[in-house]
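Engineer: Quick check, what structure comes out for this input:
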Amino acid sequence: MKLVLAPMEGVVNARMRAILTAVGGIDRCVTEFVRVTTQLLPPRVFYRYCPELHHGSLTPSGTPVYVQLLGSEPNALAENASRAAELGAAGIDLNFGCPAKTVNKHRGGSILLDEPELIHRIVASVRQAVPAATPVTVKIRLGYEDSDRLLEVAHAIEHGGANELVIHARTKAQGYKPPAHWQRIAEVTSQIKLPVIANGEIWTRTDYQRCRELSHCQNVMLGRGLLANPSLAQQIKAGTQGMPWQNALELLGGFQDALIGSCSPRHACGPVKQWLGYLKLHYPEAALLLAHVKRITDPDIMLDAIQTEAQKFLLAESA
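Structural biologist: Numbers count the residues shown, from 1 in each chain. I've put the predicted structure just below:
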């Protein structure tokens, strides 16, 4: 069983990768996408998106991190993939799944799912440009407006030489609205030999088991479900109990502490509120804390609020 942390744009950066992989159960991470147009990007861009390149392309707990590229120009993507590999990327991931309108408007992400021939050229160019030992993985959705070309796209990716394919089980048009159509992934796994990883709407161990049954995929990518429940990967792998709210608070406090001094004060509270927005989907206590801190803009006051909440919780538990 392989569990991969999804590359959620604007959410799963290096700090979040470090925290979630330290909890355990995650086998691989993927960066937020590096936008490629026509030029070879300087090394500093890759280090900004993937500071783990300074440490063997591993998180502090030793989980490999792949660099994700997004674009539509095969030669430019190949050149940038080569550079990322030279800088030590554990793998290269290609994004054909992003549903953002701005990205799609500029011929990036899921809009390319209507162009399987171009996807093949991109995958083949990148595969040829990087060392054979460097994995090339691809992330897609079921399609753009519909899933009529899903198998054609999957075959194009396989014949291009990719090592793995991640499928988010919804079209671009379906966005993130439930349900995820896991059974459509099984149509792909029955037709190609390329290893397939299922993604979408996996919030619990029961969801994983159902996804595995319908998609015929043992391996999955976790996104919002892991942000809401940081121990989800461990629960899936070992059937362990969920992380208590007290432990989640410790993670949150460590996250806020790491933000202090590493970014401007005006931006140091937003990521914590954003994470609380996910945590409240699993922990009722997180909704109460978010309501209490949502107007706080000083990072030190935010950290004090989190620590006070932790102390109150401990007192309540011991009463």
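
Engineer: tell me the domain boundaries of this structure?
Structural biologist: For the chain, automatic domain parsing gives the domain ranges 3-238, 245-318.

Engineer: Redo those as a markdown table? Include mean neighbour count and mean pLDDT.
Structural biologist: Yep, even glycine has a C-beta here, placed from its N, CA and C like the rest. Compiled in a markdown table, the domains of the chain are given as follows (neighbours: other CB atoms under 10 Å; pLDDT from 0 to 100):
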| stretch | mean neighbour count | mean pLDDT |
| --- | --- | --- |
| domain 3-238 | 20 | 97 |
| domain 245-318 | 16 | 90 |
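
Engineer: And the strands in the stretch 51-200 of the chain, which stretches?
Structural biologist: 65-70, 92-96, 136-141, 164-168, 196-199 (DSSP state E, counting those that start in this stretch).

Engineer: Out of those strands, which gets nearest to residue 208?
Structural biologist: Across the strands of the stretch 51-200 of the chain, residue 208 has its closest neighbour in strand 196-199 (9.1 Å, CB to CB).

Engineer: Give me the next element, helix or strand, following that closest one.
Structural biologist: Going down the chain from strand 196-199, the next helix or strand is helix 205-215, by DSSP states H and E.

Engineer: If I take that following helix and strand 164-168, what angle do their directions form?
Structural biologist: For helix 205-215 against strand 164-168, the angle between stretch directions is 110 degrees (axes from the mean of the first three to the mean of the last three CA atoms, to 10 degrees).

Engineer: chain center to helix 205-215, what's the gap?
Structural biologist: Distance of helix 205-215 from the chain centroid (CA atoms, centre = their mean, to the nearest Å) equals 19 Å.

Engineer: likewise stretch 95-115?
Structural biologist: That offset, for stretch 95-115, works out to 17 Å (CA atoms, centre = their mean).

Engineer: CA atoms of that stretch as CSV?
Structural biologist: Output of stretch 95-115 as CSV, limited to C-alpha atoms (Å, rounded to 0.1, in the frame of the first residue of the first chain):
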residue,chain,number,x,y,z
ASN,A,95,-0.1,18.3,-13.6
PHE,A,96,-2.9,17.8,-16.1
GLY,A,97,-5.6,18.0,-13.4
CYS,A,98,-5.7,21.5,-12.0
PRO,A,99,-9.3,22.9,-12.5
ALA,A,100,-8.5,26.6,-11.8
LYS,A,101,-10.0,28.8,-14.5
THR,A,102,-6.9,31.1,-14.6
VAL,A,103,-4.7,28.1,-15.1
ASN,A,104,-6.9,26.5,-17.8
LYS,A,105,-7.3,29.8,-19.6
HIS,A,106,-3.5,29.8,-20.1
ARG,A,107,-3.4,26.2,-21.4
GLY,A,108,-2.4,24.5,-18.2
GLY,A,109,-3.9,21.8,-16.1
SER,A,110,-7.1,20.0,-16.9
ILE,A,111,-7.9,21.8,-20.1
LEU,A,112,-5.2,19.6,-21.8
LEU,A,113,-7.3,16.5,-21.1
ASP,A,114,-9.0,17.2,-24.4
GLU,A,115,-5.7,16.9,-26.1
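
Engineer: if we look at that stretch, which residues are touching it?
Structural biologist: With contacts defined as CB atoms under 8 Å, 6 or more residues apart in numbering, stretch 95-115 is touched by 7, 9, 33, 35, 68-72, 118-119, 122, 138-141, 143-144, 149, 153, 166, 168, 171-172, 175.

Engineer: Stretch 257-264 now?
Structural biologist: 15, 268-269, 271-272, 299-300, 303.
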